[in-house]
Structure formats: structure tokens, C-alpha cells
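# coords please:
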Amino acid sequence: MTEEFKIFMLTLWNSEGKFIDTPLGRGLIDEVRTTAGIDLAVTVKIPGIDGFTLFRGTELFNEA
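Down below sits the predicted model:
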């Protein structure tokens, strides 16, 4: 685990209500939850897509 990854995950943990770039486009973070291990589950509302989309924190880190 790199220092860059640690900083990204800590920042993501406190990011509800902020915008983030995802593989499906830019969206608004609705909720961040812990998962097993070192990952986070991030629920994002993306304009033009009904409902919310769930991403892993590691997936979003790779997108950044």
C-alpha cells in the first residue's frame, strides 16, 4: 500500500457531498462505507443514470 493510496482513501472517507470522477462520468458522492479489508464502498449519483452507482474505493483510485 503506497502513501498516495492511503491519502486517497482517507480523503475519500470524508468526501460525502463532493464530486468525483468515476469510470461512468463525474458524479456526486452520496455515501462512503467500509468493506472487508482496506477498501471502501462509495455510492455515487451520476447525472443521466437513474439511481445510484456503487464503486469500490480501489476502483476510483485507479481512475484518479
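
# how much space separates the closest residue to residue 59 other than its chain neighbours from residue 53?
Using C-beta to C-beta, 6 or more residues apart in numbering and skipping the chain neighbours, the partner closest in space to residue 59 is residue 23 (7.1 Å). Where C-beta positions appear, they are placed from N, C-alpha and C, glycine not excepted. For residue 23, the distance to residue 53 equals 9 Å [C-beta to C-beta, to the nearest Å].

# neighbour-wise, which of those two wins?
With neighbours defined as other C-beta atoms under 10 Å, residue 23 and residue 53 compare such that residue 53 has more, 17 against 11.

# now do the contacts for the more buried one.
With contact taken as C-beta atoms under 8 Å, 6 or more residues apart in numbering, residue 53 is in contact with 22, 24, 27, 43-46.

# which of these has the largest number of neighbours?
Result: residue 44 is most packed of those (other C-beta under 10 Å), 23 neighbours.

# state the helix or strand in which that residue lies.
Using DSSP states H and E, residue 44 falls within strand 40-45.

# what does that strand contact?
Contacts with strand 40-45, where a contact means C-beta under 8 Å, 6+ apart, come from 9, 12-13, 20, 22, 27-35, 52-57, 60.
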